[in-house]
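Trainee: Build me a model from this:
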Amino acid sequence: MSEETVRPAVFLDRDGVINEDPVEFVTRPEELQLLPASAQAIARFNALGVPVIVCSNQSGVAKGLYTLEDLQRISERLQELLSEYNARIDAFYYCPHDDSDGCDCRKPKPGLLLRAAREHCIALERSVFVGDSWRDIVAGRSAGVKTVLVLSGHVKPEMLDSPEMQNHPPDHVAPDLHGAVEWILRLVDSSE
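Mentor: Numbers count the residues shown, from 1 in each chain. I've put the predicted structure just below:
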């Protein structure tokens with residue numbers, strides 16, 4: 001097995017982790033508001049050669065609020081904003097479905113992470129998924145990765161005692177992606 005097939009990755013949810021979590025959806029590139037501390041964190045992973053892969057539910061496509069082409073333009077805008085911090089996303093995986101579609105890619109199912117791991121030769125047992133909801137935590141655990149819950153998006157500190165979070169505890173909680181970097185890097189380094 002080559003070294004490439006055993007490399008860890010950092011999987012990230014998008015809204016609430018990399019960019020501000022809107023009330024509804026980011027439907028146009030100009031609505032995207034980057035969290036600068038997240039960009040700095042992504043730049044650290046990039047500098048160490050750790051792949052950074054976005055895995056995000058985007059049911060706004062199924063709801064007709066924006067198209068797959070709009071989603072592509074939003075991703076391109078995100079890359080532009082990240083480049084100002086010498087950061088980049090290595091790959092984007094989106095679920096454009098709604099809960100009622102019954103797909104295997106909509107979190108909390110692990111389909112997005114499993115597909116990304118196959119296509120990028122990622123060792124799931126050495127990887128981490130950072131998200132801002134119980135759906136992210138369940139998807140990460142189901143895929144066999146460590147999980148980090150950040151409080152910069154959907155879940156706020158006062159919500160940590162909710163049944164969803166109590167039933168699906170993450171491996172680590174951090175205020176934001178930047179606050180999780182050291183924990184993630186220790187995990188990645190210790191598994192090599």
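Trainee: Which neighbouring elements make contact with the lengthiest helix in the chain?
Mentor: For the chain, the helix with the greatest residue count under DSSP state H is helix 68-83. Contact here means 3 or more Cβ pairs under 8 Å, 6 or more residues apart in numbering; DSSP states H and E; on that basis helix 68-83 packs against helix 36-47. Where C-beta positions appear, they are placed from N, C-alpha and C, glycine not excepted.
Trainee: repeat that with 7 Å
Mentor: On a contact count with 3 or more Cβ pairs under 7 Å, 6 or more residues apart in numbering; DSSP states H and E, helix 68-83 meets no helix or strand.
Trainee: then the following helix or strand past that helix to PDB, C-alphas only?
Mentor: Counting by DSSP states H and E, the next helix or strand C-terminal to helix 68-83 is strand 91-95. Only the C-alpha atoms of strand 91-95 are listed here, as PDB (Å, rounded to 0.1, in the frame of the first residue of the first chain):
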ATOM      1  CA  ALA A  91     -12.300  18.800  -2.900                       C
ATOM      2  CA  PHE A  92     -16.000  19.600  -2.500                       C
ATOM      3  CA  TYR A  93     -18.700  16.900  -1.900                       C
ATOM      4  CA  TYR A  94     -22.300  18.100  -1.700                       C
ATOM      5  CA  CYS A  95     -25.600  16.400  -1.200                       C
END
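Trainee: Which secondary structure elements does strand 91-95 sit against?
Mentor: strand 52-57, helix 111-120.
Trainee: and with 10 Å instead?
Mentor: On a contact count with 3 or more Cβ pairs under 10 Å, 6 or more residues apart in numbering; DSSP states H and E, strand 91-95 meets strand 52-57, helix 68-83, helix 111-120.
Trainee: Could you list the paired strands of the first one along with their orientation?
Mentor: In its sheet, strand 52-57 lies beside strand 10-12 (parallel), strand 91-95 (parallel), with partners assigned from DSSP bridges.
Trainee: buried ones in the last one?
Mentor: The neighbour-count criterion (16 or more other Cβ atoms under 10 Å) identifies 91-95 as the buried residues of strand 91-95.
Trainee: List of residues touching it?
Mentor: The contact list for strand 91-95 (Cβ atoms under 10 Å, 6 or more residues apart in numbering) reads 9, 11, 14, 51-59, 61-62, 68, 71-72, 74-76, 78-79, 101, 103-107, 109, 111-116, 119-120, 139.
Trainee: Go again with 6 Å.
Mentor: For strand 91-95, the external contacting residues (Cβ atoms under 6 Å, 6 or more residues apart in numbering) are 53-58, 75, 105-106, 112, 116.
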